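>>> quick one: sequence plus predicted model below, questions after.
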Amino acid sequence: MFSKTLRISSSPHINKGVGVDVIMRNVVYALLPVAAFAVYAFGINALLVILTSLIACVLTEHLLNKFSNRPSTIADGSAVITGLLLGLTLPPIFPLWMTFIGGVLAIALGKFVFGGLGYNAFNPALVGRAILQAAFPVAITTWHPAFLADRFTRVSESVLTFPFAKPVVDGISGATPLSAFKFDQVTTESADLALGLVSGSIGETSSVLIALGGLYLIARKMMNWRIPVAILGSVYVLSGILYWINPEIYPSPEFMLFSGGLMLGAVFMATDMVGSPITSLGVVIYGIFIGLLVVVIRIWGGLPEGVMYAILLGNALSPHIDRLIRPRVYGT
Amino acid sequence: MIALLQSLRIRGGIHVNEHKQATAGLPIDDSFPLPKRLYIPLQQHVGKPAEPVVRVGDTVFKGQLLAHSQGLISAPVHAPSSGTVADIAEYPAPHPSALPIRTVFLDTDGTDTVQSGESATDPFTLEPEEISLRVASAGVVGLGGATFPSAVKLNLGRQNKIHTLLINGGECEPYLTCDDRLMQENAAEIVDGIRIMLHGMETGRAMVGIEDNKPEALKAMRTAANFHPNIEICKIPTRYPMGWDRQLIRYLTGREVPAGGRATDVGVLMHNVATAYAIHQAIRYGRPLIDRVVTVAGGAVANPKNVRVPIGTLISEVLVFCGADKTRTGRWVMGGPMMGEALPFADVPVVKATSGVLALTGSEVKQGEEQPCIRCARCISVCPAGLLPVDMANRIRNNRLEAAVDIGLKDCISCGSCSYVCPSNIPLVHYFKFAAGELAARQQAKHKSEQTSKLIDERNKRMERIEKQKAEELAQARAAKEQSEKADTTI
């Protein structure tokens, strides 16, 4: 009498059909133009760094699952995103062996030790980058000019550094707009910044493409728009106030918005669902916190760039925000 | 502008693929052949089950009382057709458990004989209390799915002096169109039923909320309510779960029912359009609730449509009538796909609550393994009650049920919006239902153990008293004996 093919479960009996893998896949789609432009700007070196980071992340995820007798989770696409993001935050001539270590540690220490997808307290790509920054402070701040004529033909010696050897820095290296401002008080044109015609990390140069990727995800309801809006808004307002007080020593708000890793961080990293709060008000607080930290670190800190630490600190804060901020229950 | 302000009153909710187009345009099919046997459960409503007044072997007329209501919250059950009572026994209920409940088996004679000619009365000459009594005796219950006895609600409305009667024509569940069709075809009768309810509750005003995906029903209802300025037909946005009474109350009146309170606390009460129709039938013609319109739909149904069927018809027969293909069916659902119940088998009866019967194909049914939560917070943004489904589920998973109650488990209405959007296929509603059931069971166990210890205490006290009494009696007897002995010796 009872049918064997019929499964009984609680209502609802239908679902939207947008799974974790669909969301992750769309994030990858949104990142691809950014990565493509980066390769166009920095050439074959950038391509190698991105690919190495990708391979390291996906391979680590696969092997860790295998060794701990868990089903492989590479199909959910989250390791691909971590790989892409990590690659995009590195300098274009970053040695590949260091990149590889960064990818391995991003997945192993940023994600797996916490329990895998959904349990990582911090953005894994940023954990990987933070480790690299601590371990290889020189290599990670060795920049390279964009749009060199031989960028598609010449592989930098630095990129091919033998594992565990010190990288050889090429004759040409370029300062990023942020370091130029911080250490030499030179400002860069905002239009060049927005379009990405400057030096910097692989993927943090083209604000326009990053914003387009973000808009795509927002339109598909796969990103909480409040996070980038709160971060960028608070950076703009705070640096605007400082600029108004004294434009001689403080950079313009436009420069703050479009320089460095702010766009990439605000759009693709701070919006990592696992590490951000769950309520609408909570994410706004989180975003403002990150934005203020970015300005504070950039202007008064010792480093030219502070997006990475600001987001990691935001990640650390978000469980506390969730504990404090709760939506109003109907009828109360 | 007003519409914009009103739309701000909607919280959460989802846009679901409606699947209504297959049946919304087809007239209600009245040609369903009378089944040979009907299975009429004695509990088709919230409250106590009805108590049979017929015996096995009795011949009954169509509409004759089979079982009367018991207690304050209950509803009677009537014969959907004429015939012989074959048995009164346990039969599987239309519920995922398919647990047997007391059911009247009625062998129909095919004549549909009614006891006496239907009597028409003018409801507006009746006392308001009389309306409630007649609605109660006709066995009318809330047909929106809650099956709360309608007469009890009418009394509540009268006693609490509500200012507005709200009528739910939202029908926000996908696939279902039975209310839509009823409004299109029987708008005048529904409006009449609303007027009768207003009279019965001594309320001046009614508002009917109809989702804007039912333009024909809106038109028909507006035409029917044209000469009754106290009945306002309101277009409401299509957004599940718009038919949740509290969502509709907030949208139409701008006020929220307090948590843990009743709709009457904000001066309103809500009935369903199909209930209004049933009340019209009961009061105007004395017809008890013995049949209903059922939407038969789903990917495995060849001819989806709305069918009027007698209560007690087997769902399997209704499915066959509409050409459902059993081999393609992945799940049978009674009700809508968002809140309806999955059925383990289809040989269970249509009851008063059966708004729809769905035969969903495997690809229509939600599937996929449960994955870890990525804290995307979709469940929070769609929750119409303002809850944190992800946190509640986590607490339940860790067996911290009281902690789940602290963050609003009791305010969950099981609308299923959270499960619907969850990208990780987490069965959130399942957790909530489990926790609610577990809490109820614990409460019961606690109550029972308290009762037991109370009884033991009482017994101990009683035994003590008896011992004491015995000892006293013994002492008295001894004293008496000693005295008599003394007396003996003194003599």
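Structure received.
>>> now the terminal residues of stretch B:64-83, how far apart.
Stretch B:64-83 has an end-to-end distance of 11 Å (CA to CA, to the nearest Å).
>>> buried set for that stretch?
Residues of stretch B:64-83 classed as buried: B:64-67, B:69, B:74-83 (neighbour count, 16 or more other CB atoms under 10 Å in any protein chain shown). To be clear about C-beta, it is placed using only N, CA and C from the backbone, and glycine gets the same treatment.
>>> just give me the closest of these to B:Leu455.
Within the set of those, B:Ser74 lies nearest B:Leu455; the separation is 29.5 Å, counting by CB to CB.
>>> report whether the expected contact of the closest one with B:Gln44 is present.
No - in this structure, B:Ser74 is not within contact of B:Gln44 by CB atoms under 8 Å, at 10.5 Å.
>>> still on that earlier bit, take the buried residues of stretch B:64-83 and keep only those in strands.
Under the assignment DSSP state E, these contribute B:Leu65, B:Leu66, B:Ala67, B:Val77, B:His78, B:Gly83 to strands.
>>> any chance of the residues you listed in TSV with pLDDT and distance to chain A as columns?
TSV is the format used below for these (pLDDT from 0 to 100; distance: CB to the nearest CB, whole Å):
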residue	pLDDT	distance to chain A
B:Leu65	94	32
B:Leu66	95	26
B:Ala67	95	27
B:Val77	95	25
B:His78	95	29
B:Gly83	95	25
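>>> any chance of those in JSON lines, plus distance to A:Trp244?
Conversion of those to JSON lines gives the following (distance: CB to CB, whole Å):
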{"residue": "B:Leu65", "distance to A:Trp244": "83"}
{"residue": "B:Leu66", "distance to A:Trp244": "83"}
{"residue": "B:Ala67", "distance to A:Trp244": "81"}
{"residue": "B:Val77", "distance to A:Trp244": "78"}
{"residue": "B:His78", "distance to A:Trp244": "80"}
{"residue": "B:Gly83", "distance to A:Trp244": "89"}
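>>> most widely separated two among those residues?
When CB to CB is used, the two most widely separated members of these are B:Ala67 and B:Gly83, lying 15.6 Å apart.
>>> mind listing what the most centrally placed residue in chain A touches?
Most central in chain A under CA atoms, centre = their mean is A:Met269, positioned 4.0 Å from the mean C-alpha point. A:Met269 is in contact with A:Leu85, A:Asn123, A:Ala125, A:Leu126, A:Val307, A:Ile311, counting by CB atoms under 8 Å, 6 or more residues apart in numbering or on different chains.
>>> so the third one makes contact with A:Ala106?
Translated: A:Ala125. Yes - using CB under 8 Å, A:Ala125 and A:Ala106 qualify as a contacting pair, with a distance of 5.6 Å.
>>> just say helix, strand or coil for the residue nearest to the spatial centre of chain B.
Most central residue of chain B, judged by C-alpha distance to the mean C-alpha position with CA atoms, centre = their mean, is B:Ala146 at 2.1 Å. Under DSSP: H, G, I helix; E, B strand; the rest coil, B:Ala146 falls in the coil class.
>>> check B:Thr103 too.
B:Thr103 - assigned by three-state DSSP - is strand.
>>> and it, how many neighbours does it have?
Burial of B:Thr103, expressed as a neighbour count using other CB atoms under 10 Å in any protein chain shown, amounts to 23.
>>> what residues are shared contacts of A:Ala125 and A:Ala106?
With contacts taken as CB under 8 Å, 6+ apart, the residues that reach both A:Ala125 and A:Ala106 are A:Thr82, A:Leu86.
>>> wait, is B:Tyr431 part of a helix?
Yes - assessed by three-state DSSP, B:Tyr431 belongs to a helix.
>>> so who does it touch?
With contact set as CB under 8 Å, 6+ apart, B:Tyr431 has these partners: B:Met392, B:Ala393, B:Ile396, B:Arg397.
>>> relative to chain A, how far out is the residue nearest to the centre of chain B?
In this view, B:Ala146 and chain A are 15 Å apart by CB to the nearest CB, to the nearest Å.
>>> now, which of the contacts of A:Met269 lie close to chain B?
Judged by CB under 8 Å from any CB of the partner chain, the overlap between the contacts of A:Met269 and the neighbourhood of chain B is nil.
>>> what is the nearest of those to chain B?
Proximity to chain B was ranked across the contacts of A:Met269 by CB to the nearest CB; first place goes to A:Asn123, at 12.7 Å.
>>> and for the residue in the stretch 101-250 of chain B positioned nearest to chain A, nearest residue in space, chain neighbours not counted?
When scored by CB to the nearest CB, the stretch 101-250 of chain B has B:Arg246 as its residue closest to chain A, at 6.2 Å. Closest residue in space to B:Arg246, ignoring its immediate chain neighbours: B:Val257 at 5.1 Å, by CB to CB, 6 or more residues apart in numbering or on different chains.
>>> the one you found and A:Ala230: what is the separation?
From B:Val257 across to A:Ala230, the span is 33 Å (CB to CB, to the nearest Å).
>>> immediately after the helix or strand hosting the residue of the stretch 101-250 of chain B closest to chain A, which helix or strand?
For B:Arg246, the enclosing helix or strand under DSSP states H and E is helix B:245-253. From helix B:245-253 onward toward the C-terminus, using DSSP H and E, the following helix or strand is strand B:268-272.
>>> that next one and chain A in contact?
No - residues of strand B:268-272 are not located near chain A by CB under 8 Å from any CB, the shortest gap being 13.5 Å.
>>> show me which residues of the stretch of helix or strand A:Val80 belongs to are buried.
If you go by DSSP H and E, A:Val80 is part of helix A:78-89. Neighbour-count burial for helix A:78-89, with 16+ other CB under 10 Å as criterion, is recorded at A:Ser78, A:Ala79, A:Val80, A:Ile81, A:Thr82, A:Gly83, A:Leu84, A:Leu85, A:Leu86, A:Gly87, A:Leu88, A:Thr89.
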